[in-house]
Structures are given as structure tokens and as C-alpha cells.
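Enquirer: pasting a predicted model and its sequence here:
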Amino acid sequence: MTMSNSLSRLSLTVAALLLSSLLGCSWLPDKTDPTDGWSASQFYTEAQSAMQSGNYQTAIEYFEKLQARYPFGRYAQQAQLDLIYANFKEGEPDAALAAADRFIRTYPRNPFVDYAYYMKGLINYSRDTGPLNRFVPSDPTKTDPGSAKQAYDDFSTLIRQFPKSRYAADAQQRMIFLHNNLAAYEVNVANYYMRLGEYVAAANRAKYVLEYYARTEAVPDALAVMTRAYIKLGLGDLARDSFRVLQLNYPDSPHIPDLLALLNGQPPPSKGFSLFGLRL
């Protein structure tokens with residue numbers, strides 16, 4: 001027997017063994033998914049158990065499989081609703097919002113659809129409370145207010161469409177908090193423009209606060225920015241008008257001594273205009 005014949009037979013033997021192995025494996029039962037054969041109620045029970053244990057990733061997996069295998073019926077509806085909360089707790093806000101929108105779109109007349117609207121607001125409200133902010137909290141009045149504005153709109157939609165919802169009172173309180181934060185953000189922007197020497201932009205931003213956030217705690221600070229911006233622009237009459245409003249409505253404002261001195265052409269008592277801890 002030649003060397004070439006031996007190699008050929010060896011190759012054929014190896015190929016036959018590999019083929020036999022592959023064919024044998026194809027007949028083995030697939031035991032990779034332990035949920036095979038589960039009923040809709042079993043999926044839901046196990047998913048709820050996972051949520052109660054704080055294992056939200058497993059709960060999400062079970063809820064999604066329940067919907068895929070049993071797309072109709074009360075368990076599928078409830079699973080889609082619970083997916084909102086499970087994704088929210090798992091730290092997946094985009095997936096949670098997508099689940100909420102999908103539930104609202106699919107079941108607009110469901111008796112619990114108000115919960116989906118409420119969760120949309122809560123998800124956006126909580127956008128800035130990620131793991132990093134638990135250790136290094138950020139000031140929500142100095143960060144991009146996009147999520148805060150969206151949360152405010154979400155809560156507003158809930159209250160408008162479901163004024164008797166069990167979530168309406170909580171949504172209202174969160175809206176007040178968001179409204180105050182959004183107003184403070186606008187004043188921070190106005191203060192930033194002051195530091196840049198963009199006095200017209202600063203005055204306009206402060207005016208925006210007075211027009212759209214008139215009942216917030218940021219109003220006296222906005223009046224102070226506006227007064228100083230007008231002083232810098234040489235608009236004495238407008239500066240005195242805004243200062244008069246500040247003095248009449250907020251007589252205890254800490255900005256009054258500095259502004260009064262500036263209006264009189266004198267150095268401010270505090271040796272610098274102070275706003276939110278910044279000297280200008």
C-alpha cells in the first residue's frame with residue numbers, strides 16, 4: 001500500500017466520522033430553552049417572581065417570550081404593561097419608553113393605559129438619576145433640560161386625558177418640581193450670557209422666565225439679571241423698572257443692595273454682583 005493510498009483512506013475515515021457526528025447531533029432533542037412547553041400563565045408567574053426578586057433581566061426575557069408565543073389574551077396585555085416597569089428598573093429607559101408607547105398604541109382603551117402615560121413621565125423624569133449621579137449628583141438646573149421638558153409634557157398629557165387617574169396627584173407634584181427646575185435653568189443660561197458679556201441675550205433670557213415661569217422661585221433672580229443687563233447696556237429706565245418690580249415684590253432679595261448701588265453709580269457693597277454663588 002502506497003503512502004498516498006493510506007492518506008486517502010485516512011481522510012475518508014475522518015470525513016465519515018465528522019458526518020456521522022453531525023447527523024447524530026441533529027437528532028438530539030434541543031434542551032437549550034427550559035421554557036419549552038410553558039403555558040402563558042406559567043410565563044407570567046415566573047416573570048412576576050423574577051421581578052419580585054429584583055431579577056428584571058430574567059423578567060424581561062419571560063415577558064417577551066410570553067408575548068411571542070401567546071400574543072393574544074390578557075396575559076399578553078399585562079406582560080406588555082409590565083415590560084415598561086421591568087425595563088425601567090433594569091436601567092433601560094429607551095426600551096421602557098418604547099414599551100409604553102407600544103402599549104398606548106395597541107391598547108388605547110385599556111383600563112390601565114393611564115399607567116403607561118404616567119410611566120413615560122417617570123422615565124424621563126428619572127433620566128438624570130443613573131448610577132454615576134448616585135455618587136456624584138448633578139445639578140438638574142445646570143444640565144440639558146430636554147428630558148425634564150419631555151417629562152413635564154408627559155405628566156401634562158396624563159393629567160389632561162385622565163384627570164381622575166390615581167397617578168394624577170403625583171404627576172402634578174412632579175410637574176411643579178420640574179417647572180421650578182426649568183425656570184432655574186433659564187436663569188443659569190441668562191447668567192452665563194452675562195459672564196460672556198452678551199447682555200441683550202441675558203436680558204431676553206431673563207424676560208423669558210418672567211413670561212413663562214412667573215410663579216416660580218427663579219423670578220427674583222431673573223429680575224436681578226435683567227436689571228444688571230440693562231445697566232450694562234446703558235438702558236437706565238428699563239433697569240430702574242425691573243429693579244422696582246424686584247424691590248416691590250421681593251423686598252428681602254439679597255440682590256437688592258448690589259443693584260441699588262449699581263443704579264446709583266456706586267461700587268456694590270458685596271464687591272461684586274453675586275448670582276448663584278458666582279461673582280460677576
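Expert: Done, it's in. Since this is a predicted model, take the numbers as computed values, not measurements.
Enquirer: for the chain, what's the longest helix?
Expert: The residue-count maximum for a helix in the chain (DSSP state H) belongs to helix 168-196.
Enquirer: I'd like the next helix or strand past that helix.
Expert: Beyond helix 168-196 in the direction of the C-terminus, DSSP states H and E gives the next helix or strand as helix 199-212.
Enquirer: which strands or helices does that next one pack on?
Expert: The criterion is 3 or more C-beta pairs under 8 Å, 6 or more residues apart in numbering; DSSP states H and E, and the helices and strands that helix 199-212 contacts are helix 168-196, helix 219-232. Quick note: C-beta positions are derived from backbone N, CA and C, even for glycine.
Enquirer: just give me the neighbour total for residue 187.
Expert: Counted with other C-beta atoms under 10 Å, the neighbours of residue 187 add up to 28.
Enquirer: quick one: contacts for it?
Expert: 205, 206, 209, 218, 221, 222, 225, 276 (C-beta atoms under 8 Å, 6 or more residues apart in numbering).
Enquirer: from the residues you listed, which is closest to residue 67?
Expert: For the contacts of residue 187, the minimum distance to residue 67 (C-beta to C-beta) is 45.2 Å, reached by residue 218.
Enquirer: what's the closest non-adjacent residue to the closest one?
Expert: In space, and not counting its chain neighbours, residue 218 is closest to residue 183: 3.7 Å by C-beta to C-beta, 6 or more residues apart in numbering.
Enquirer: follow-up on the earlier one: tell me the most buried of the helices and strands packed on helix 199-212?
Expert: Comparing those by mean neighbour count (mean count of other C-beta atoms under 10 Å), helix 219-232 ranks first with a mean of 25.
Enquirer: the next helix or strand after that one - contacts with which helices or strands?
Expert: Next in sequence after helix 219-232, counting helices and strands by DSSP H and E, comes helix 236-249. When contacts are defined as 3+ C-beta pairs under 8 Å, 6+ apart, helix 236-249 sits against helix 219-232, helix 256-263.
Enquirer: nearest to residue 66 among those would be which one?
Expert: With C-beta to C-beta as the criterion, residue 66 lies closest to helix 219-232 of the helices and strands packed on helix 236-249, at 51.3 Å.
Enquirer: that closest one to helix 236-249, inter-axis angle?
Expert: With axes from the mean of the first three to the mean of the last three C-alpha atoms, to 10 degrees applied, the angle from helix 219-232 to helix 236-249 works out at 160 degrees.
Enquirer: just the CA trace of stretch 80-94, in PDB.
Expert: What follows is stretch 80-94 as a C-alpha-only set of coordinates in PDB (Å, rounded to 0.1, in the frame of the first residue of the first chain):
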ATOM      1  CA  GLN A  80     -46.600  44.300  27.700                       C
ATOM      2  CA  LEU A  81     -47.600  46.700  30.500                       C
ATOM      3  CA  ASP A  82     -45.200  45.000  33.000                       C
ATOM      4  CA  LEU A  83     -42.400  45.300  30.400                       C
ATOM      5  CA  ILE A  84     -42.500  49.100  30.900                       C
ATOM      6  CA  TYR A  85     -41.600  48.800  34.600                       C
ATOM      7  CA  ALA A  86     -39.200  45.900  34.200                       C
ATOM      8  CA  ASN A  87     -37.100  47.800  31.600                       C
ATOM      9  CA  PHE A  88     -37.300  51.000  33.700                       C
ATOM     10  CA  LYS A  89     -35.900  49.100  36.800                       C
ATOM     11  CA  GLU A  90     -33.300  47.400  34.700                       C
ATOM     12  CA  GLY A  91     -31.900  50.800  33.700                       C
ATOM     13  CA  GLU A  92     -33.100  50.700  30.100                       C
ATOM     14  CA  PRO A  93     -35.100  53.900  29.700                       C
ATOM     15  CA  ASP A  94     -35.300  53.700  25.900                       C
END
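Enquirer: low pLDDT regions in the chain?
Expert: Applying pLDDT under 70 to the chain picks out residues 1-31, 128-144, 270-280.
Enquirer: if we can go back for a sec, now the contacts of residue 187 as TSV including distance to residue 126?
Expert: Below are the contacts of residue 187 laid out as TSV (distance: C-beta to C-beta, whole Å):
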residue	distance to residue 126
205	27
206	30
209	25
218	23
221	26
222	27
225	30
276	25
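Enquirer: tell me the one among those residues nearest to residue 73.
Expert: Out of these, the member with the shortest distance to residue 73 (by C-beta to C-beta) is residue 218, at 50.4 Å.
Enquirer: re the thing from before, distance check, the residue nearest to residue 218 against residue 197.
Expert: As judged by C-beta to C-beta, to the nearest Å, residue 183 and residue 197 stand 24 Å apart.
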